[in-house]
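**Q** Model the following, please.
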Amino acid sequence: MLKVDELNVYYGRIHALRDVSMQVESGKVVSMVGANGAGKSTLMMTLAGVLKPESGTITYDNEPLADTPYKVLAQGICLVPERRRLYANLTVKENLMMGAHLRKDRAAINTDIDRMMDLFPIMRERVKQYAGTLSGGEQQMVAIARGLMSRPKILMLDEPSLGLAPLIIRQVFDTIIQLKQEGMTILLTEQNAFQALEISDYAYVLETGSVSLHGPGKELLEDTRVQEAYLGIKQKTVKEL
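**A** This next block holds a predicted model:
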């Protein structure tokens, strides 16, 4: 569905992504995990058309991916950015409407708003509240719902658990699982490697802009390199045994 080949992206003289190759299959959850500064958000911003690659190719349904954000969205790929980035001075409902700004099917938009309220029941109580007054967890729910309002074929979630309490993190990941069960294709970047790998069909580990490991999420959970670097599990040496 989405394929990246030998992607190179720079910030000025900084080589942020180095020959990154990956793919996302339809109906799957694919994760990019790695430390802060590994290049996860750079990859997402490039796929969303915000950043321009120096070299490499990005194809979507065997066609070149558009290179501007609104065209990427029109193709069916929506980014829910890191730290939510809601319109703080708009209400919850107005933020949801902004997510549907490329759509013309007004009746279906209203139906989808009701669906978002079912998916995130707390929003029904907050529908007229300004987004800037919501808690971090509530804002993340609105951000995901806003992305879904575009009816994407691929939903990209950049660090959805960042800054949230453990209980809210669990709710966010439960929502991702539910969306997958409904057939949504999801590309996820996360510092919370355990949560991401646990729900992923496939995953990639980014280190300083390069893919160092990749494989099924459950297999990477058992990889000693991933356990030591990202899960805080120290492997016992022969001397310790």
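**Q** rest of the way, CA atoms for contacts and neighbours
**A** Will do.
**Q** Show me the shaky parts of the chain.
**A** The chain contains residues with pLDDT under 70 at 232-241.
**Q** Apply 80 and report the result again.
**A** For the chain, residues meeting the criterion pLDDT under 80 lie at 229-241.
**Q** Quick one: the strands in it, in order.
**A** For the chain, the strands identified by DSSP state E occupy 2-11, 14-24, 29-33, 55-60, 63-64, 77-80, 154-158, 185-190, 202-207, 210-215, in order along the chain.
**Q** Give me whichever of those is most buried.
**A** Of these, the one with the most neighbours on average (mean count of other C-alpha atoms under 10 Å) is strand 29-33, at a mean of 29.
**Q** Between strand 185-190 and it, find me the angle.
**A** Strand 29-33 and strand 185-190 are oriented at 20 degrees to each other (axes from the mean of the first three to the mean of the last three C-alpha atoms, to 10 degrees).
**Q** how much space is there between Asn95 and Ala143?
**A** With distances taken as C-alpha to C-alpha, to the nearest Å, Asn95 is found 8 Å from Ala143.
**Q** so how far is Ile177 from the spatially most central residue of the chain?
**A** With the centre of the chain defined as its mean C-alpha position, the nearest residue by C-alpha atoms, centre = their mean is Leu157, 1.6 Å away. Here Leu157 is placed at a distance of 13 Å from Ile177 (C-alpha to C-alpha).
**Q** Give the residues shared as contacts by those two.
**A** Common contacts of Leu157 and Ile177, defined by C-alpha atoms under 8 Å, 6 or more residues apart in numbering, are absent altogether.
**Q** rewinding a little: ok, Asn95 and Ala143, which is more surrounded?
**A** A direct count of neighbours by other C-alpha atoms under 10 Å for Asn95 and Ala143 places Ala143 higher, at 28 against 23.
**Q** how about the helices in the chain?
**A** When assigned using DSSP state H, the helices of the chain occupy the ranges 40-47, 69-75, 92-99, 106-119, 122-126, 136-148, 166-181, 193-199, 217-221, 224-230.
**Q** can you list the domains in the chain?
**A** 1-76+152-235, 83-151 (automatic domain parsing).
**Q** Which residues are in contact with Gly39?
**A** Contacts here follow C-alpha under 8 Å, 6+ apart; on that basis Gly39 touches 16-17, 206-210.
**Q** which residues does Glu207 form a beta bridge with?
**A** Glu207 forms beta bridges with Ser210, as assigned by DSSP bridges.
**Q** Could you tell me which residues touch both of Asn95 and Ala143?
**A** Applying C-alpha under 8 Å, 6+ apart, one finds that Asn95 and Ala143 are jointly contacted by Leu86.
**Q** just to revisit the earlier point, to Leu164, which of the strands of the chain lies closest?
**A** In terms of C-alpha to C-alpha, the element of the strands of the chain nearest to Leu164 is strand 185-190, at 12.6 Å.
**Q** May I have the strands that pair with the closest one, each with its orientation?
**A** Partners of strand 185-190 in the sheet, by DSSP bridges, are strand 29-33 (parallel), strand 154-158 (parallel).
**Q** Now tabulate those strands in TSV and tack on distance to Val4.
**A** Converted to TSV, those look like this (distance: least, C-alpha to C-alpha, whole Å):
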stretch	distance to Val4
strand 29-33	13
strand 154-158	14
